[in-house]
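J.: give me a 3D structure for the following:
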Amino acid sequence: MSAIRPFQVSIDHPTIDDLKQRLATTRWPEKETPQDWSQGVPLEFCQSIVEYWQTTYDMQRLPTRLNAHPNFMTEIDGLDIHFMHIQSEQPNAKPLILTHGWPGSVVEFLNVIPLLCAPASHGAPTAQAYHLVIPSLPGFGFSGKPATTGWGTEKIAFAWAQLMARLGYTQYFAQGGDWGAIVTSTLGRVDPDHCRAIHLNMVVSPPDPNAKDLTPAEISGLQGLQHYQDWDSGYSKQQSTRPQTLGYALVDSPAGQAAWILEKFWAWTDCEGNPENVLSRDDMLDNIMVYWVNAAAASSARLYWESFGSGIGEQITVPMGGTIFPKEIFRTSKRFAERLYPNIIYWSEKDKGGHFAAFEQPEVFATEVRACFGRIN
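T.: Take a look at the predicted model:
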């Protein structure tokens, strides 16, 4: 059995000096021609974020926040996997693995850690508590970068099953959004003897082409899918076909890396046109820093190359719960989801929130997770 090693996140001074120099000498394009975000991140917004990053942002904020919790490394299938493991002090706490996606990271979950680990200290004295395992996907964050092909969502799911077993958890719950939703669903399929139930905040389930009498929510979901295909999917086509080519630009330019992620914070949060309405500059930059300091643009994009179009596969029969937020990329209905998840135990549709549920709405996210897994004795 591979050892689990304590890990400290650190960002050295040469890395920070290099970053500040690159930010200061950014070569900017001209201003966009429309007065909106339809061509991408507006020049003024991007310059404002970059200036803040260079002059005001605390470059040690990310390691300080991450190191406030226990971090570890362990080798699985020849690759180092970084994860946080936060054990609740509550005697009846249950294990829960949380999986992020792109362009997210473990940073997304920092504000839900206390809500799920110590609910009694945060206004929910009778709520179920959880031991949290929060890994960085391979090629993302502080995890290792695969040097060979094959690290798609199914292999990651098997790795997560090994991780939970290595930690001594014979029964556990799993939650995820974005690619984390695909990994979590697959984990439920490949490890049903140990994964007791899953909760997703992005339910990827195609509509039934033979369905009649579509509800307003289903019609809206189909319109959202069409909008994604027409106006919002260019990033995924690039990352699923030519991640290496993209990497040269983003690994070299922090402004470019920031813009590539900021555009999705605008498009996929419930922000009414400005991502700063729901996420602070510091929080967004914490997440961007995870990609920058690890030069992870190409390695994270390769998950699309490995997995895009492969889908989830066969039905997922473990108990499943879904929470649908209005600004989610893909929105489906319970009846459509039941085709892939025949054992739905919890379904909720919220009136506010977007793709980065734990990041945007930590209290709502924690409540939804507890409500779902509370259906399992």
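J.: what about the spatially most central residue of the chain, distance to Y291?
T.: Residue closest to the average C-alpha location in the chain (C-alpha atoms, centre = their mean): H100, at 2.6 Å. Going from H100 to Y291 by C-beta to C-beta, to the nearest Å gives 12 Å. Placement of C-beta: from N, CA and C, glycine included.
J.: mutual contacts of the two, please.
T.: Jointly contacting H100 and Y291 under the rule C-beta atoms under 8 Å, 6 or more residues apart in numbering are F140.
J.: where does the prediction get shaky in the stretch 151-300 of the chain?
T.: Scanning the stretch 151-300 of the chain for pLDDT under 70 picks out no residues.
J.: go on, the stretch 1-150 of the chain?
T.: Low-confidence segments of the stretch 1-150 of the chain, defined by pLDDT under 70: 1-2.
J.: okay, helices next: where are they in it?
T.: All helices of the stretch 1-150 of the chain, identified by DSSP state H, counting those that start in this stretch, fall at 13-24, 43-55, 61-66, 113-117.
J.: tell me which of those sits most buried.
T.: When those are scored by mean count of other C-beta atoms under 10 Å, the highest mean neighbour count falls to helix 113-117 (a mean of 22).
J.: can you pull out the strands in this protein?
T.: With DSSP state E, the ranges of strands along the chain come out as 4-7, 71-76, 79-86, 94-99, 130-135, 172-176, 195-200, 320-324, 344-349.
J.: gap between D80 and R166?
T.: Separation of D80 from R166 (C-beta to C-beta): 13 Å.
J.: same question but for V41, I mixed them up
T.: V41 is 41 Å from R166, by C-beta to C-beta.
J.: looking at these two now, which is surrounded by more residues?
T.: Neighbours were counted for V41 and for R166 using other C-beta atoms under 10 Å; V41 has more, 22 against 15.
J.: follow-up on the earlier one: overlap in contacts of D80 and R166?
T.: T74.
J.: I324 touches A337, doesn't it?
T.: No. Taking contacts as C-beta atoms under 8 Å, I324 lies outside contact range of A337: 9.2 Å.
J.: shared neighbours of those two, which are they?
T.: Joint contacts of I324 and A337 (C-beta under 8 Å, 6+ apart) are V203, W347.
J.: isn't the residue nearest to the centre of the chain right up against M84?
T.: No. With contacts counted by C-beta under 8 Å, H100 stays clear of M84, the gap being 11.3 Å.
J.: what touches both of the two?
T.: Common neighbours of H100 and M84 (criterion: C-beta under 8 Å, 6+ apart): V106, I134.
J.: sorry, back to before: with distance to M284 and mean neighbour count added, can I get the strands of the chain in TSV?
T.: Shown next, in TSV, are those (distance: least, C-beta to C-beta, whole Å; neighbours: other C-beta atoms under 10 Å):
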stretch	distance to M284	mean neighbour count
strand 4-7	24	13
strand 71-76	21	19
strand 79-86	20	21
strand 94-99	19	25
strand 130-135	19	25
strand 172-176	21	27
strand 195-200	24	25
strand 320-324	23	25
strand 344-349	27	17
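J.: turn those into JSON lines, columns for distance to V112.
T.: What follows is the strands of the chain, written out as JSON lines (distance: least, C-beta to C-beta, whole Å):
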{"stretch": "strand 4-7", "distance to V112": "21"}
{"stretch": "strand 71-76", "distance to V112": "17"}
{"stretch": "strand 79-86", "distance to V112": "11"}
{"stretch": "strand 94-99", "distance to V112": "8"}
{"stretch": "strand 130-135", "distance to V112": "9"}
{"stretch": "strand 172-176", "distance to V112": "10"}
{"stretch": "strand 195-200", "distance to V112": "12"}
{"stretch": "strand 320-324", "distance to V112": "13"}
{"stretch": "strand 344-349", "distance to V112": "16"}
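J.: nearest to A217, of those?
T.: For A217, the closest of these is strand 344-349, at 6.9 Å, according to C-beta to C-beta.
J.: distance from the chain centre to that closest one, please.
T.: How far strand 344-349 lies from its chain's middle: 20 Å, per C-alpha atoms, centre = their mean, to the nearest Å.
J.: show me what it is packed against.
T.: Packing partners of strand 344-349 (3 or more C-beta pairs under 8 Å, 6 or more residues apart in numbering; DSSP states H and E): strand 320-324, helix 334-337, helix 362-373.
J.: can you list the strands that it pairs with?
T.: Within its sheet, and counting by DSSP bridges, strand 344-349 is paired with strand 320-324 (parallel).
J.: which residues sit in contact with S220?
T.: So S220 contacts R331 (C-beta under 8 Å, 6+ apart).
J.: against N294, how distant is it?
T.: On the measure of C-beta to C-beta, S220 and N294 end up 37 Å apart.
J.: cool, and A3?
T.: Note on A3: its distance to N294, by C-beta to C-beta, is 22 Å.
J.: those two: which is more packed in?
T.: A direct count of neighbours by other C-beta under 10 Å for A3 and N294 places N294 higher, at 21 against 9.
J.: surely the more buried one and F142 touch.
T.: Yes. Contact criterion C-beta under 8 Å: N294 and F142 qualify, at 6.4 Å.
J.: what sits against R61?
T.: R61 makes contact with D282, L285, D286 under the criterion C-beta under 8 Å, 6+ apart.
J.: rerun at 7 Å
T.: Applying C-beta atoms under 7 Å, 6 or more residues apart in numbering to R61 gives the contacts D282, D286.
J.: identify the residues contacting stretch 203-214?
T.: Here stretch 203-214 makes contact (C-beta under 7 Å, 6+ apart) with 181-182, 218, 222, 312, 322, 324, 330, 332, 336-337, 339-340.
J.: determine which two of these are furthest apart.
T.: Maximum pairwise distance among the contacts of stretch 203-214 (C-beta to C-beta): 21.6 Å, between I182 and E218.
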